[in-house]
Structure formats: structure tokens, C-alpha cells
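[1] just to be clear, the model below is a prediction. Sequence and coordinates:
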Amino acid sequence: MRIKKPLVSIIVTTKNEEQVLGRLLSSIKTQTSEDWEIIIVDNNSADRTKQIALKYTRHVYNKGPERSAQRNFGAKTGKGKYLFFLDADMELSKEVIKECLIIVEKNNKIGAVVIPEKSIAHTFWEKVKAFERSFYNLEGDEATDAARFFPKKVFDLAGGYDENITGPEDWDLPETIEKMGYKIGRIKSLVYHHERVLNPFKLGKKKYYYGLRAHSYMSKHDVSVFGSKTIYFLRPVFYRNWKRLIAHPILTLAMFYMLSIEQVSGGLGYIVGRIKNA
């Protein structure tokens, strides 16, 4: 007889994700750990996202206005002892849930788990973004790591995702959990992130939007305006790996160009957000 493992509620937030959602949900079906439920929290998709989701789960809901609210709704709906938050453009390797369960079941001081990501890229700008992420995603980096797997008890004690924050909420929740006295764990199995980057200006537009509420996160955690979390070019991981930068000159130049656009856009959003909320 198979020993029943703790239930994991896998919560996926979506908005017009028909091109990628099926791949993620198919990868969940291949997990070596079998005790999970899939919860899709959609935000008024105009494409076939919900129809695709219903092929994999009956737990398909509609909620907005932002990702944090969607995730919190999914957490309240889920029945699992653990919560696992995923984006639609991801894909899981087979041992991810199993490894997360092992680490949290062995140590009740683990309040969140980071899963390393590997970017999958096809176009030039996707390869540039993948090159950037490669510096910190696989080895881990304090400035950029964001946990996705949580004991529900700890998630609830922390108050879930802060719905006043859009963008840095992935950093906000684990940092809140750490301040509560818990540790952040990390596994070895990968989440594959299929990059979707049309051009740097699309990234800039997104960073501007995130910047509008960034002050809420920064004031909450006393994050400096001029630190490695906010200024890409101050991240030590780039300079520790300077030989990689030199070995790939085209990608390096394109990456710094892309990051410059993101930096200016995010900074402008931050300034506008501060003025609006003054």
C-alpha cells in the first residue's frame, strides 16, 4: 500500500496563458510525489486559459486585481498542508515536490523553500535574460532568491502575500517569514522558466509598473534605494563571475543594455509611485 504523503496545494496564477499553461500542468502530472491538488486562479483571461486549465483540474477560479490577491485566494481555497506557488510559464522537473516535502518534513524551522530556476530561451533577448538569470538562479543569491513553497501554517502566520505590493511580493513574504524566526531552505531539483521577452522595452514597461508600488516593500523591510536588490549593477554576483562576462562579450553588452532600460524604468516608476502616495 502506498503511504499517503502530506497534501500540497499547487497554486497557479494566470492571465491569458493559453500558450504555456498546458506545459506546466503536464509537468505537474509527472511529479514523483502524487499527493497534490492543482488550483488555478485566473484574472479574467480573454483566451482559452480556463478551458485548458479545466482539462487538468476542477479547481479553476477567477480573481483579481493583482497576483498577490490571486495567490492569497488560492491559499484560502487549498486544502493542503503545504502551498506551492507557480507561474504559468514554468515547468517542473520530476523531483521538485518530493524534495520540498523532504526538507520541510525533517525540519519544522523551515518556513519557506527556494527552488532553483533554469531559464529556457529561444530568441536573442530571451537568451540575454537567461544569461542574466544564470548568474544567480542556480547557485543562489541573497539579493534575488524568492521562495515558492511554504507550510500553510507559516504562510497564514505571516499574513500571506502583501496585496499592497506588486512585483517585489516574491521577496516580501520570505523576508517576513525570516523575521518571524524561520529559516529558508533550498532544494537541488529545478524549475524551468520559459522566458518570454519580446524586447527590452517590454521589460522596461513591466519594471515601471512594479516600481509604482516598490516603496511599500522597501519601507516595510528597510531596503535601501541604492542597494543590490534595487540596483542591478551593484549585485556582487556579476563581479564575482567576471570571467563569464568577458567570455561572452555580446551577451554581456546586451545584458547591461537591457538592465539599463529596466533600471531607468523601475526607478521612474518608483519616483512616480512615491509622488502619488506622498
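    That came through fine. Quick caveat, the model's predicted, so the values are computed rather than measured.

[2] got the CA coordinates for whichever helix or strand Tyr208 is part of in CSV?
    Using DSSP states H and E, Tyr208 sits within helix 200-211. What follows is helix 200-211, C-alpha atoms only, in CSV (Å, rounded to 0.1, in the frame of the first residue of the first chain):
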residue,chain,number,x,y,z
PRO,A,200,14.0,45.2,-23.5
PHE,A,201,11.3,47.9,-23.7
LYS,A,202,8.6,45.4,-22.8
LEU,A,203,10.7,44.5,-19.8
GLY,A,204,11.1,48.2,-19.0
LYS,A,205,7.3,48.7,-19.1
LYS,A,206,6.8,45.9,-16.6
LYS,A,207,9.6,47.3,-14.3
TYR,A,208,7.9,50.7,-14.4
TYR,A,209,4.6,49.1,-13.3
TYR,A,210,6.4,47.2,-10.5
GLY,A,211,8.2,50.3,-9.4
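
[3] neighbours around Arg67, how many?
    Each residue near Arg67 was counted by other Cβ atoms under 10 Å, and the total is 22. Yep, even glycine has a C-beta here, placed from its N, CA and C like the rest.

[4] for it, which non-adjacent residue is spatially closest?
    Of all residues not flanking Arg67 in the chain, Thr13 sits nearest, at 5.3 Å (Cβ to Cβ, 6 or more residues apart in numbering).

[5] and that neighbour, what does it touch?
    Going by Cβ atoms under 8 Å, 6 or more residues apart in numbering, Thr13 touches 41-43, 67, 70-71, 74, 85, 87-88.

[6] just the pLDDT for Lys229.
    If you check Lys229, the pLDDT there is 84.

[7] hang on, the earlier thing: now the contacts of Thr13 as JSON lines including distance to Leu21 and secondary structure?
    Output for these, formatted as JSON lines (distance: Cβ to Cβ, whole Å; DSSP: H, G, I helix; E, B strand; the rest coil):
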{"residue": "Val41", "distance to Leu21": "12", "secondary structure": "strand"}
{"residue": "Asp42", "distance to Leu21": "10", "secondary structure": "strand"}
{"residue": "Asn43", "distance to Leu21": "13", "secondary structure": "coil"}
{"residue": "Arg67", "distance to Leu21": "15", "secondary structure": "helix"}
{"residue": "Gln70", "distance to Leu21": "14", "secondary structure": "helix"}
{"residue": "Arg71", "distance to Leu21": "16", "secondary structure": "helix"}
{"residue": "Gly74", "distance to Leu21": "15", "secondary structure": "helix"}
{"residue": "Phe85", "distance to Leu21": "15", "secondary structure": "strand"}
{"residue": "Asp87", "distance to Leu21": "10", "secondary structure": "strand"}
{"residue": "Ala88", "distance to Leu21": "5", "secondary structure": "coil"}
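
[8] on that earlier part again, buried residues in the helix holding Tyr208?
    200, 203-204, 207-208, 210-211 (16 or more other Cβ atoms under 10 Å).

[9] Ala254: which of those is nearest?
    Nearest to Ala254 among the buried residues of helix 200-211, counting by Cβ to Cβ, is Pro200 at 8.5 Å.

[10] rewinding a little: other SSEs contacting the helix holding Tyr208?
    Using 3 or more Cβ pairs under 8 Å, 6 or more residues apart in numbering; DSSP states H and E as the contact test, the elements touching helix 200-211 are helix 249-276.
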